[in-house]
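Trainee: Sequence first, predicted model second:
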Amino acid sequence: MTDRDNDMPEVVELPIDGVLDLHTFRPAEVKDLIPDYLDECLKRDILDVRIIHGKGTSKLQRTVHSILARLPQVADFRLAGHGAGGWGATLVKLYPPKNS
């Protein structure tokens, strides 16, 4: 094993089940992670997604909402209600995939 091998990022396989918990990711990873995750949800006909960003200072929440606002596959998003994480999570509604 070389030093270069140690610099490789660890590959983490996420379950695609409509719930994305961002607690285990670095903020820099979120920009690419969210669109990729939503695309995988669409491939599996999952149109309702919950993104858990935590409450904290709301910086990550604002970042998530900024990303979602720019994605064409996102029909709507809002903070989750009391039983789904409150302001520590965002509920996302995706447009159904277009028939090819």
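Mentor: Perfect, I can see it now.
Trainee: what's the average pLDDT for stretch 82-93?
Mentor: Taken as a whole, stretch 82-93 has a mean pLDDT of 85.
Trainee: Run through who's touching it.
Mentor: Where contact means CB atoms under 8 Å, 6 or more residues apart in numbering, the residues beyond stretch 82-93 that reach it are 38, 47-55, 58, 61, 64-65, 68, 74-80. Every residue, glycine included, has its C-beta placed from N, CA and C.
Trainee: Show me what counts as buried in that stretch.
Mentor: Using 16 or more other CB atoms under 10 Å as the burial criterion, the residues of stretch 82-93 that qualify are 85, 88-92.
Trainee: I'd like the next helix or strand past the top helix by length along the chain.
Mentor: Taking DSSP state H as the criterion, the chain has its longest helix at helix 27-43. Remark: after helix 27-43, the chain's next helix or strand is strand 48-52, criterion DSSP states H and E.
Trainee: Buried by neighbour count: which residues of that next one qualify?
Mentor: By neighbour count on 16+ other CB under 10 Å, the buried set for strand 48-52 is 49-52.
Trainee: Next: stretch 14-30.
Mentor: For stretch 14-30, the neighbour count (16+ other CB under 10 Å) marks 16, 18-20, 22, 25, 30 as buried.
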